[in-house]
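Student: missing the sequence, but the structure's below:
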């Protein structure tokens, strides 16, 4: 993930930004939807599952 990506939890309405390594921490529950956004890239939605790690692949606009 890129630096400075906004990660938004649709259930809690909380958002965080990814760090210089593309990492972030945000509270979630199973089935929450995370929305990843950054200027110049298409928004990407990801449903939280039981997996510990999930990847978000964002495409250029």
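Tutor: Thanks, I have it. In this text, all values refer to a predicted model and were calculated from it rather than measured experimentally. Residues are numbered from 1 along each chain as shown.
Student: where does this structure dip in pLDDT?
Tutor: Low-confidence segments of the chain (pLDDT under 70): 1.
Student: just the strands in it please.
Tutor: 6-9, 15-17, 33-37, 44-47 (DSSP state E).
Student: out of these, nearest to residue 60?
Tutor: Of all those, strand 44-47 sits nearest to residue 60, with 11.8 Å by CB to CB. Where C-beta positions appear, they are placed from N, C-alpha and C, glycine not excepted.
Student: pull out the buried residues from that closest one.
Tutor: By 16 or more other CB atoms under 10 Å, the buried positions in strand 44-47 come out as residue 44.
Student: what helices or strands is it leaning on?
Tutor: Helices and strands touching strand 44-47, by 3 or more CB pairs under 8 Å, 6 or more residues apart in numbering; DSSP states H and E, are strand 33-37.
Student: residues in contact with the nearest residue to residue 50 once chain neighbours are set aside?
Tutor: Of all residues not flanking residue 50 in the chain, residue 30 sits nearest, at 6.5 Å (CB to CB, 6 or more residues apart in numbering). Residues counted as contacts of residue 30 (CB atoms under 8 Å, 6 or more residues apart in numbering) are 48-50.
Student: closest one to residue 19 out of those, please.
Tutor: So of the contacts of residue 30, ranked by how close each gets to residue 19 (CB to CB), first place is residue 48, at 19.9 Å.
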